[in-house]
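[1] model this:
(chains A and B)
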There are 2 protein chains.
Amino acid sequence: MKKHIRIIDLLENTKTLQEVNAKGWVRTFRNNQFIALNDGSTLNNIQCVVDFENTPEETLKRITTGAAISVIGTLVESQGAGQKVEIQVTKLEILGDSDAEKFPIQPKNKPSLDFLREHAHLRTRTNLFGAIMRVRSTLSFAVHKYFQEKGFVYVNTPIITGSDAEGAGEMFQVSALPFDNTPRTEDGKVNYKEDFFGKQTNLTVSGQLEAETYAMSLGQVYTFGPTFRAENSNTSRHLAEFWMIEPEVAFNDLAANMDLAEDFIQNVIKYTLEKCSEDLKFLENRLIEEEKSKPQAERSEMTLLEKLNFVLENNFKRVSYTEAIDILKNSKPNKNKKFQYLIDEWGADLQSEHERFLVEKHFKCPVILFDYPAKIKAFYMRLNDGTEPGKETVRAMDILFPGIGEIVGGSQREERLDVLIEKMKVLGIEEEELWWYLDTRRFGTAVHSGFGLGFERLVLFVTGMTNIRDVIPFPRTPDNAEF
Amino acid sequence: MKKHIRIIDLLENTKTLQEVNAKGWVRTFRNNQFIALNDGSTLNNIQCVVDFENTPEETLKRITTGAAISVIGTLVESQGAGQKVEIQVTKLEILGDSDAEKFPIQPKNKPSLDFLREHAHLRTRTNLFGAIMRVRSTLSFAVHKYFQEKGFVYVNTPIITGSDAEGAGEMFQVSALPFDNTPRTEDGKVNYKEDFFGKQTNLTVSGQLEAETYAMSLGQVYTFGPTFRAENSNTSRHLAEFWMIEPEVAFNDLAANMDLAEDFIQNVIKYTLEKCSEDLKFLENRLIEEEKSKPQAERSEMTLLEKLNFVLENNFKRVSYTEAIDILKNSKPNKNKKFQYLIDEWGADLQSEHERFLVEKHFKCPVILFDYPAKIKAFYMRLNDGTEPGKETVRAMDILFPGIGEIVGGSQREERLDVLIEKMKVLGIEEEELWWYLDTRRFGTAVHSGFGLGFERLVLFVTGMTNIRDVIPFPRTPDNAEF
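    Here you go, the predicted structure:
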């Protein structure tokens, strides 16, 4: 028998009247005659027309939503609207049944996103999750393609790490030691020397420090891998396990870092718009339908595709932290005490409500905030020269997106050994802990910069979904590690 | 000032007599005049000729191995051999010093691989590790490119997993619970309900089971992510943390699975040969040099490039387990009792010595072994129909490579719900544990297949390196989680 052809290829096929074989899962079966068959290669189904008079009743009954079937037949021009070709079935085989009473994903029931999340192993049998996951995959490839074509080296920084310089409180511990009869030292502490790695280890929260060592030898590098936070945040924007992209570039200053981030985001969105036009159109229509139930005032000003094109066609607005504070201080919601956290002085950390005001109300475009107060940012960020005592700033930048908030956080790195050590001292980070990181400043240090982009937040933005658990295959959140 | 140009681009530049800026790290400085400058963009250095008579003695002294510098000068045709262009330096700036007494990577000392492993954060400043990591990065991209162009969907399967159906003994535990005053249930057991995920969780050993659920909806999928083994194997072939590629394809049988694996490996090697010719030539020469110190009989019959081209140009030999056992039983090392584990009957698990004999001595090409005894393989592999009781085989396949051993392990999956449940029962795997996996067989099951390829083993093969710790940036092995 001939090899089956994927539905995406069949639908593009103009050579009709040939015999073809298609395999996939039944989406619907109408009038004992029309099967909508999907194999995941595309959003679109191929219509398979069954000769029901010459098909045993037994077989017809088994053509249920979710069943896997193989059809052989003639590819013909379709009589119906919405498709160019269909298959006139001559032979139909049930590969795997799907009990109509038990299969949980019944299109007519309109399963909720919550329900589908509990069936994450089956939710890609819906158009919505098929589209999301194809877009996610294409975006991933766009990331690699962008950096590889620019000559960046992909670096797999370690997942298990013995260094806890960053955010130790939010780290998951990795261990091969038992909770019962845990080996102890003489003074009763856990004896990590007996653990697998001979020391206490955690899941990484960022590959940046390791990536910096590679940037200081290979020049331009990027990571793209899983990172972890043991943070008890049960929100629609947080995951305990998520994928992060972290480019790091030797000799780039903060301005070049912003240029890179902006160009990168625009390019990966552009590529995905080209490759996933049908899936994105579907996602756009879904949002339009969803908005119909909202009052006019709450509806988006732009459709999904308009929003994506807007990001491609407009420069991100670059605004210093100091300017942003001025804008926020004088803003209506601040004066009318509508902000939960009122902005009264320079130095305040910006909350999500402030970021959204700047992006969605004030500038109405993606915004890059830069030159943040040193006190609210990480130790490795480059201290600006010549700032007033008490008003020190660092060369940090955050990119804020409408509906998403912070999508990128980056900085020029502190390249001066003495300044870096001094800062670590103040924060109580041991030099011995980061001897290897400091080596990059000891031997041939140079200006360098990088940023981190939470991949799922980008997928949220591009798909127009609102809950981050819907854009990663098997989300990990507090109390949830199913599958 | 003009933006600096990467050295890979400068070396390709034929527009001489223009003013250029290069930045990088000093590899060597000869005769107070010739700087070999490298920025990681290529194996090759650019020669920067310093006008030493007009350069302060102070500056000349600071041009040491490892120092970061910026040079501005005129790009001219090179007088020396081995390079087309060089820079006549007009301005030189030391960006970051490198104390010649302290910088550990001194080319003249020929640092050993062991020494470099202890300095994993600096080892990419050598030609060898620059080449390895550029090849690794290119191979990674080749993997994504291959699958994406074939319409596979990239799936990020979870790293933290609550399912321990496979190899539980070898898993790292992930927890946010403390070892001191661990919460306990009434009967004194650890109360995992109080842990972050409300259950016991581990680091994944494979994304296969989750990938299968996606293949049974999206058709063709692949994973490429980190996997973990808490196995106390201190060998040159094992890592506790490594990257794995796992394609999974609906409607593929074992033969199609072998076709895919073979085509995939040949394609990614081909792409890398094209993109990394200089780095691979360097790695080949390194091996040739290394072999000179070996007795003639132990030297390889092929150079690195010959070996890679051999894999491209020759089909992998497909041999059933039963045939392989016959060959091994009658082989010289078996008859002369040279094997550590003698092969005396059907059913024996093959050891690395047997695999190497088959690949390196008997067939002298990559070998795909298939149809293994059911007893020595995993529960999810498709049981062959019509085999004798006691001699049941499964549709498993392993690909064996010269010098590497097993590089791929795969199978057609057991698609029959009843057979799968029966096998799980025998092995004591709870149905409730894998309810979601079984759902793929309950609702629209179909023949499907997939395989896993340990990425670092592929990098070993392509680079000709022999220790797996040298082909991953920061290796994790027993007692080692530095950096």
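[2] and A:Thr138, what does it touch?
    A:Tyr271, A:Thr272, A:Lys275, A:Cys276, B:Gln148 (C-beta atoms under 8 Å, 6 or more residues apart in numbering or on different chains). Quick note: C-beta positions are derived from backbone N, CA and C, even for glycine.
[3] for A:Asn191, same thing?
    Going by C-beta under 8 Å, 6+ apart, A:Asn191 touches A:Thr182, A:Pro183, A:Arg184, A:Thr185.
[4] and the closest residue to chain B within the stretch 251-400 of chain A, how many neighbours does it have?
    Nearest residue of the stretch 251-400 of chain A to chain B, counting by C-beta to the nearest C-beta: A:Phe251, 4.9 Å away. Residues lying near A:Phe251 (other C-beta atoms under 10 Å in any protein chain shown) number 22.
[5] so what's it closest to, chain neighbours aside?
    The shortest distance from A:Phe251 to any non-neighbouring residue, by C-beta to C-beta, 6 or more residues apart in numbering or on different chains, is to B:Lys23 (4.9 Å).
[6] backbone phi and psi for the one you found, please?
    In terms of degrees, to the nearest 10, the main-chain angles of B:Lys23 are phi -130, psi 150.
[7] which residues of the stretch 301-450 of chain A fall in helices?
    Using DSSP state H, counting those that start in this stretch, the helices found in the stretch 301-450 of chain A span residues A:304-313, A:321-329, A:332-335, A:352-356, A:417-427, A:435-442.
[8] May I see the ones you listed organised as JSON lines, with mean neighbour count, mean pLDDT and distance to B:Phe197 added?
    Shown next, in JSON lines, are those (neighbours: other C-beta atoms under 10 Å in any protein chain shown; pLDDT from 0 to 100; distance: least, C-beta to C-beta, whole Å):
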{"stretch": "helix A:304-313", "mean neighbour count": "16", "mean pLDDT": "95", "distance to B:Phe197": "33"}
{"stretch": "helix A:321-329", "mean neighbour count": "18", "mean pLDDT": "97", "distance to B:Phe197": "37"}
{"stretch": "helix A:332-335", "mean neighbour count": "14", "mean pLDDT": "96", "distance to B:Phe197": "38"}
{"stretch": "helix A:352-356", "mean neighbour count": "18", "mean pLDDT": "93", "distance to B:Phe197": "25"}
{"stretch": "helix A:417-427", "mean neighbour count": "15", "mean pLDDT": "95", "distance to B:Phe197": "30"}
{"stretch": "helix A:435-442", "mean neighbour count": "20", "mean pLDDT": "97", "distance to B:Phe197": "31"}
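[9] Distance to chain B added to those, as JSON lines?
    Output for the helices of the stretch 301-450 of chain A, formatted as JSON lines (distance: least, C-beta to the nearest C-beta, whole Å):
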{"stretch": "helix A:304-313", "distance to chain B": "20"}
{"stretch": "helix A:321-329", "distance to chain B": "27"}
{"stretch": "helix A:332-335", "distance to chain B": "35"}
{"stretch": "helix A:352-356", "distance to chain B": "23"}
{"stretch": "helix A:417-427", "distance to chain B": "9"}
{"stretch": "helix A:435-442", "distance to chain B": "4"}
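[10] Mind putting the ones you listed into JSON lines with distance to A:Glu86?
    Converted to JSON lines, the helices of the stretch 301-450 of chain A look like this (distance: least, C-beta to C-beta, whole Å):
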{"stretch": "helix A:304-313", "distance to A:Glu86": "29"}
{"stretch": "helix A:321-329", "distance to A:Glu86": "57"}
{"stretch": "helix A:332-335", "distance to A:Glu86": "56"}
{"stretch": "helix A:352-356", "distance to A:Glu86": "47"}
{"stretch": "helix A:417-427", "distance to A:Glu86": "66"}
{"stretch": "helix A:435-442", "distance to A:Glu86": "62"}
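[11] What about A:Asn181, how many residues nearby?
    Residues within reach of A:Asn181, counting by other C-beta under 10 Å, total 7.
[12] need the contacts of A:Thr138 in a markdown table with pLDDT, can you?
    Converted to a markdown table, the contacts of A:Thr138 look like this (pLDDT from 0 to 100):
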| residue | pLDDT |
| --- | --- |
| A:Tyr271 | 98 |
| A:Thr272 | 98 |
| A:Lys275 | 98 |
| A:Cys276 | 98 |
| B:Gln148 | 98 |
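[13] Among the residues you listed, which lie within helices?
    Here DSSP state H is the test, and the contacts of A:Thr138 give A:Tyr271, A:Thr272, A:Lys275, B:Gln148 as lying in helices.
[14] the strands in the stretch 201-350 of chain A, which residues?
    Secondary structure of the stretch 201-350 of chain A (DSSP state E, counting those that start in this stretch): strands at A:201-203, A:220-228, A:241-250, A:317-320.
[15] Could you give the separation of the second one from the chain centroid?
    Centroid separation for strand A:220-228 versus its chain: 13 Å, with C-alpha atoms, centre = their mean, to the nearest Å.
[16] do it and chain B meet at all?
    Yes - residues of strand A:220-228 contacting chain B under C-beta under 8 Å from any C-beta of the partner chain: A:Gln220, A:Gly225, A:Pro226, A:Phe228.
[17] Check the first one too.
    Yes - shown here: strand A:201-203 in contact with chain B (C-beta under 8 Å from any C-beta) through A:Thr201, A:Leu203.
[18] what lines up beside that strand in the sheet?
    strand A:160-161 (antiparallel), strand A:173-175 (antiparallel) (DSSP bridges).
[19] Other residues contacting the longest one?
    The contact list for strand A:173-175 (C-beta under 8 Å, 6+ apart) reads A:160, A:195-196, A:200-203, B:172-176, B:203.
[20] Now do the same contact list for the closest residue to A:Asn315 other than its chain neighbours.
    Once flanking residues are discounted, A:Asn315 sits nearest to A:Glu262: 7.2 Å by C-beta to C-beta, 6+ apart. Each residue near A:Glu262 by C-beta under 8 Å, 6+ apart is listed here: A:Asn315, A:Phe316, A:Ile368, A:Ile399.
[21] Now a ChimeraX select for only the buried ones of the residues you listed.
    Applying 16 or more other C-beta atoms under 10 Å in any protein chain shown to the contacts of A:Glu262, the buried members can be selected in ChimeraX as follows:
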select /A:316,368,399
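[22] mind listing the strands in the stretch 51-200 of chain A by residue range?
    Using DSSP E, counting those that start in this stretch, strands in the stretch 51-200 of chain A cover A:68-77, A:85-96, A:153-154, A:160-161, A:173-175.
[23] okay, those strands in a markdown table with mean pLDDT, mean neighbour count and distance to B:Pro104 next?
    As requested, the strands of the stretch 51-200 of chain A are exported to a markdown table (pLDDT from 0 to 100; neighbours: other C-beta atoms under 10 Å in any protein chain shown; distance: least, C-beta to C-beta, whole Å):
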| stretch | mean pLDDT | mean neighbour count | distance to B:Pro104 |
| --- | --- | --- | --- |
| strand A:68-77 | 96 | 20 | 59 |
| strand A:85-96 | 97 | 18 | 60 |
| strand A:153-154 | 98 | 25 | 22 |
| strand A:160-161 | 96 | 24 | 22 |
| strand A:173-175 | 96 | 24 | 29 |
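[24] Those: which one's closest to B:Lys423?
    strand A:85-96 (17.9 Å; C-beta to C-beta).
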